[in-house]
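J.: Fold the following for me, if possible:
(chains A, B, C and D)
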Protein chains: 4
Amino acid sequence: MRPDLYGGKLWGRNQCEEGARMTASGGRDSDTGRIEAFSDGVFAIAITLLIIEIGVPHVVGTESLSERLVKLWPSYLGYAISFLVIGTVWANHHNRFRLISHSDHILLFLNIVFLMCVAFIPFPTALLADYLSGTEEHRTTAVAVYSGTLAVTAVFFTILWLYAAGNYRLVDRAVDPLLMRAMTRRYVFGMLLYILAFVLAFVSPTASLALIVILALIFVLPEPQGPGSSRRTRRPPIRG
Amino acid sequence: MRPDLYGGKLWGRNQCEEGARMTASGGRDSDTGRIEAFSDGVFAIAITLLIIEIGVPHVVGTESLSERLVKLWPSYLGYAISFLVIGTVWANHHNRFRLISHSDHILLFLNIVFLMCVAFIPFPTALLADYLSGTEEHRTTAVAVYSGTLAVTAVFFTILWLYAAGNYRLVDRAVDPLLMRAMTRRYVFGMLLYILAFVLAFVSPTASLALIVILALIFVLPEPQGPGSSRRTRRPPIRG
Amino acid sequence: MRPDLYGGKLWGRNQCEEGARMTASGGRDSDTGRIEAFSDGVFAIAITLLIIEIGVPHVVGTESLSERLVKLWPSYLGYAISFLVIGTVWANHHNRFRLISHSDHILLFLNIVFLMCVAFIPFPTALLADYLSGTEEHRTTAVAVYSGTLAVTAVFFTILWLYAAGNYRLVDRAVDPLLMRAMTRRYVFGMLLYILAFVLAFVSPTASLALIVILALIFVLPEPQGPGSSRRTRRPPIRG
Amino acid sequence: MRPDLYGGKLWGRNQCEEGARMTASGGRDSDTGRIEAFSDGVFAIAITLLIIEIGVPHVVGTESLSERLVKLWPSYLGYAISFLVIGTVWANHHNRFRLISHSDHILLFLNIVFLMCVAFIPFPTALLADYLSGTEEHRTTAVAVYSGTLAVTAVFFTILWLYAAGNYRLVDRAVDPLLMRAMTRRYVFGMLLYILAFVLAFVSPTASLALIVILALIFVLPEPQGPGSSRRTRRPPIRG
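T.: Numbering: from 1, shown residues only, chains lettered A, B, ... in the order given. Next comes the predicted model:
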């Protein structure tokens, strides 16, 4: 909220007490700490709720249960893709908040809107599961809604980052500008690819889904690391 | 529970140990820490559960899926409004507990009743989604139940604050009385406006919903800040 | 796990480091810390899931929606009672784990079985909502299953406490024996009353539910406090 | 992420500050801390969601509600087994991450895939509940899917551990090699038994389920403890 309150004096006077207080709220500035904890909760619930959209098939008489289960493959596929996507988004969100050292009401609002998109994902996932093996028109609609939701999510994630990172508004000055720019590139590029996935849905739903899976796998990969990139001071290389 | 146990002596003797212990339970007084953590969990789950009230439409044959999805707009609207409202209530609840430094059984009870209202919100949200585009009578009923739930939630939030803040019952004496009064005004005023939204539902459901959205947006805005308002000592302005 | 590992030496050498490590896992002994955090998660989810058992009524044509909503009163009642009960059980569970300073595999197992009962509560709550206004036989069955679930939950809570408290097995020796005995009395007595509520269900379902509400309200009240009751050393009264 | 950054210098300079920072992210290396917290959330939600798969029976007229409730025994059995299994897997996952001191992107990915299996468990549990008392073919299919899911979960858990533990890749060097080998044996052995349960499903579904229950009970039991096994330095025995 007002990180300037944590003046050097307070630290100097009683580091441990202050340290403990910081920790209690989960981060340097208690505001980002509570936003992170709340966001993590929403991520964990949204990712776990995905399963309740898969209904158990009702089989009667001598009908084959295993055949019916195999026919549910779009549900399993949707579950796996969405789980991977939300897991990746969570990892990126969390990494971003390690650089964001304080917060304000606009960040709070942008984050709520971003979480609104994340928590929405189970709905288009269920849609995908129901219509992926349907008529071509239905399949196109389902994949477009699905990739569209992810694109909107990516847009808000990028806006959130641009707002926090612009002019080091909410980011520690100690963070390397090169790292900041690499991050911005990463998110803007990812956002454009998710928008591409949305456009692709109208041409080839399969290609759209394939791109989404590839994007999720790419974003699990290590992030760009500037030479002095971390918020934490890197020990200088020991010299003779 | 008994914050008086954390006497100066204990702190003097072993600050780090005490600091760590405090942190373990998430706050200065472990009681408010655990109430906060539990409440945050309920908020995160209630906000994420909103999505499962939106059912995937069952379309057969050549019926248009996209048209059916568009017709679900009351569901999306309800989802967005409730997400915003719960997000805002969470932010305010959390800010309030930063001022509340200890707790007692009445606070615990009031908080459980308050959470009971918050966790109830997905039900009137689903009602709103189902009947917002229905007959006038059904729409009025749905909006009245929805705004009524929010009004009752606001009433309990205000009671909780008045109980904790009255005579500095559970609030640190160091908190500025001006800030306290500004907070009380804010909550009583908000409560009255939510009650107004409830009354408006019987006149114009649309106006009632509009007021609710405006209220949510207002309550995301920065809170009143007294000159020496924070629990944390503000550094005095540096003078010549 | 092995609290004896945290010997005086380690503490003497580096209190802050050790303090931080303790906190990281959420308590003196990391085992009870993680059990508490996991249990709190289950409580928060079970209490918030109660709402999804209340289905939105499907009203067609000119049928009155408000009348249909009023007829759902058993659902609201069940929601309110279960919310209160789970909230109370959470508060008591949490208070208990503040006295339990270490854990073993039997405690872990007893706690999982106890949580299995708590997480089960939404099912009998939905049963109550569906059959409370039904035939007498159905009402009796629903209330018996509901109160029976709470009785079994109370039995496991008491067993868990008796196991941890017996011979100070998992409780800090510094805790006052008088407090320990008062706690044991409290839980055994509460358990017997929940069993009484189960038996009452067969005589008068209404009386059974009334007793359950009274019990929940009683258990929100302050717990017995022995003179030197807390785990935390009380400052001795200042003498001449 | 880069645990080498936490050099001795940093610690020496300001232990409290560093200690507090460590705690804020929940562990020695913030990466494992956040993975643990997120995983715990998913475990707690998956275990609590199990109950919503049990639907309240709809009984009309003078039909016996209690008889219908008794007939739901496969649902209760499935709930109890899955609750026990997920609870046990949680305990083992948590213990494992106490040994894993840092993380990388492969661990993050393996953990997401592992959680994908855990969060999937409510689906085969509901399948088991619906078809355990059905025809022999349906019962075999349901038990095979259920035990197969658990086997796949065990496979990923083992892969995760082998990846982290191989060459002490992500495990503190101070951990006893004997303990490491005992852990590996434990997980590989458990995995093989879960695969056996899957194979058994085609011979005797009952035997398969019995083996699963036995495995869950065994894995709640204490883990192997090497003589100097813990990450925390054991106090040497006091010698004359």
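
J.: Excluding sequence neighbours, find me the nearest residue to A:P124.
T.: Excluding its sequence neighbours, the residue lying closest to A:P124 (Cβ to Cβ, 6 or more residues apart in numbering or on different chains) is A:Y146, at 4.2 Å. Using the backbone N, CA and C atoms, a C-beta is placed for each residue, glycine as well.

J.: May I see the buried residues of the strand or helix carrying the one you found?
T.: Here A:Y146, judged by DSSP states H and E, is contained in helix A:136-165. By 16 or more other Cβ atoms under 10 Å in any protein chain shown, the buried positions in helix A:136-165 come out as A:138-158, A:160-161, A:163-165.

J.: Also stretch A:105-119?
T.: By neighbour count, and taking 16+ other Cβ under 10 Å as the criterion, the buried residues in stretch A:105-119 are A:106-119.

J.: Name the spans of chain A whose pLDDT lies under the cut-off.
T.: Per-residue confidence of chain A (counting by pLDDT under 70) places the weak regions at A:1-31, A:221-240.

J.: repeat that for 80
T.: Screening chain A residue by residue with the criterion pLDDT under 80, one finds the ranges A:1-31, A:60-62, A:219-240.

J.: Excluding chain neighbours, what is closest to the residue most central in space within chain A?
T.: Centroid check for chain A by Cα atoms, centre = their mean gives A:V89 as the closest residue, at 2.1 Å. Closest residue in space to A:V89, ignoring its immediate chain neighbours: A:V118 at 6.4 Å, by Cβ to Cβ, 6+ apart.

J.: Pretty sure that neighbour sits against A:V42.
T.: Yes. Taking contacts as Cβ atoms under 8 Å, A:V118 lies within contact range of A:V42: 6.5 Å.

J.: picking that back up, wait, is the residue nearest to the centre of chain A part of a helix?
T.: Yes. Residue assignment for A:V89, taken from DSSP: H, G, I helix; E, B strand; the rest coil, places it within a helix.

J.: The helix or strand containing A:I106 vs helix A:136-165, what angle?
T.: In this assignment (DSSP H and E), A:I106 forms part of helix A:105-120. Using axes from the mean of the first three to the mean of the last three Cα atoms, to 10 degrees, one finds that helix A:105-120 and helix A:136-165 are set 160 degrees apart in direction.

J.: So what's the gap between helix A:105-120 and the chain middle?
T.: The offset between the C-alpha centroid of helix A:105-120 and the centroid of the whole chain comes to 11 Å, using Cα atoms, centre = their mean, to the nearest Å.

J.: list the helices and strands that helix packs on?
T.: Using 3 or more Cβ pairs under 8 Å, 6 or more residues apart in numbering or on different chains; DSSP states H and E as the contact test, the elements touching helix A:105-120 are helix A:30-49, helix A:73-99, helix A:136-165, helix B:30-49, helix B:73-99, helix B:205-220.

J.: redo that, cut-off 7 Å
T.: Under the contact definition 3 or more Cβ pairs under 7 Å, 6 or more residues apart in numbering or on different chains; DSSP states H and E, helix A:105-120 sits against helix A:30-49, helix A:136-165, helix B:73-99, helix B:205-220.

J.: Spit out the contact partners of the closest residue to A:A44 other than its chain neighbours.
T.: Spatially, and ignoring its direct neighbours in sequence, A:A44 is nearest to D:G41 (3.2 Å; Cβ to Cβ, 6+ apart). Under the criterion of Cβ atoms under 7 Å, 6 or more residues apart in numbering or on different chains, the contact list for D:G41 reads A:40-41, A:44, C:41.

J.: Could you do A:F202 as well?
T.: Residues near A:F202 by Cβ under 7 Å, 6+ apart: A:140, A:144.

J.: That one should be in a helix, yeah?
T.: Yes. In this structure, A:F202 lies within a helix as judged by three-state DSSP.

J.: what's the spacing between A:S103 and B:L170?
T.: According to Cβ to Cβ, to the nearest Å, A:S103 and B:L170 sit 26 Å apart.

J.: One more: A:Y194?
T.: To B:L170, A:Y194 is 47 Å away according to Cβ to Cβ.

J.: Over to A:P205?
T.: A:P205 is 57 Å from B:L170, by Cβ to Cβ.

J.: what's the answer for A:V118, then?
T.: Separation of A:V118 from B:L170 (Cβ to Cβ): 35 Å.

J.: How about A:I112?
T.: When Cβ to Cβ is the yardstick, A:I112 and B:L170 sit 28 Å from each other.

J.: Kindly report the same for A:I106.
T.: In this structure, A:I106 and B:L170 are 31 Å apart, going by Cβ to Cβ.

J.: repeat for A:A182
T.: 47 Å.

J.: Neighbour count for these two, which is higher?
T.: B:L170 (23 against 16; other Cβ atoms under 10 Å in any protein chain shown).

J.: thinking that one is in contact with B:L108, fair?
T.: No. Checked against Cβ atoms under 7 Å, the pair B:L170 and B:L108 is beyond contact range at 10.9 Å.

J.: Name the residues contacting each of these two.
T.: Residues touching both B:L170 and B:L108 (Cβ under 7 Å, 6+ apart): there are none.

J.: who's in contact with the residue nearest to A:V89?
T.: For A:V118, the set of contacting residues under the criterion of Cβ under 7 Å, 6+ apart consists of A:42-43, A:46, A:86, A:89, A:153.

J.: which among these gets closest to chain D?
T.: A:F43 (7.1 Å; Cβ to the nearest Cβ).

J.: can you count the residues close to that closest one?
T.: When neighbours are counted by other Cβ under 10 Å, A:F43 registers 25.

J.: Which one, of the helices and strands packed on helix A:105-120, ends up nearest to D:I212?
T.: Among these, helix A:30-49 comes nearest to D:I212, with 21.6 Å by Cβ to Cβ.

J.: coming back round to it: same for the helix holding A:Y146, what does it pack against?
T.: The helices and strands touching helix A:136-165, judged by 3+ Cβ pairs under 7 Å, 6+ apart, are helix A:73-99, helix A:105-120, helix A:122-131, helix A:177-203, helix A:205-220, helix B:65-70.

J.: Make sure A:A129 is actually in contact with A:W73.
T.: No. With contact defined as Cβ under 7 Å, A:A129 does not count as touching A:W73 (9.2 Å).

J.: Between these two, point out the one with more neighbours.
T.: Residue environment comparison for A:A129 versus A:W73 gives the larger neighbour count to A:A129, 25 against 12, counting by other Cβ under 10 Å.

J.: And that one, how far from A:H138?
T.: Taken as Cβ to Cβ, the spacing of A:A129 relative to A:H138 amounts to 12 Å.

J.: do the same with A:C117
T.: Noted for A:C117: a distance of 23 Å to A:H138, by Cβ to Cβ.

J.: cool, A:V113 as well?
T.: Computed with Cβ to Cβ, the distance linking A:V113 and A:H138 is 29 Å.

J.: cool, A:A197 as well?
T.: With Cβ to Cβ as the criterion, A:A197 and A:H138 are 18 Å apart.

J.: Quick one: residues contacting A:L49.
T.: Under the contact definition (Cβ under 7 Å, 6+ apart), the residues listed for A:L49 are A:122, B:48, B:52.

J.: I figured the second one hits A:A46, correct?
T.: Yes. At 5.4 Å, B:T48 counts as touching A:A46 under the criterion of Cβ under 7 Å.
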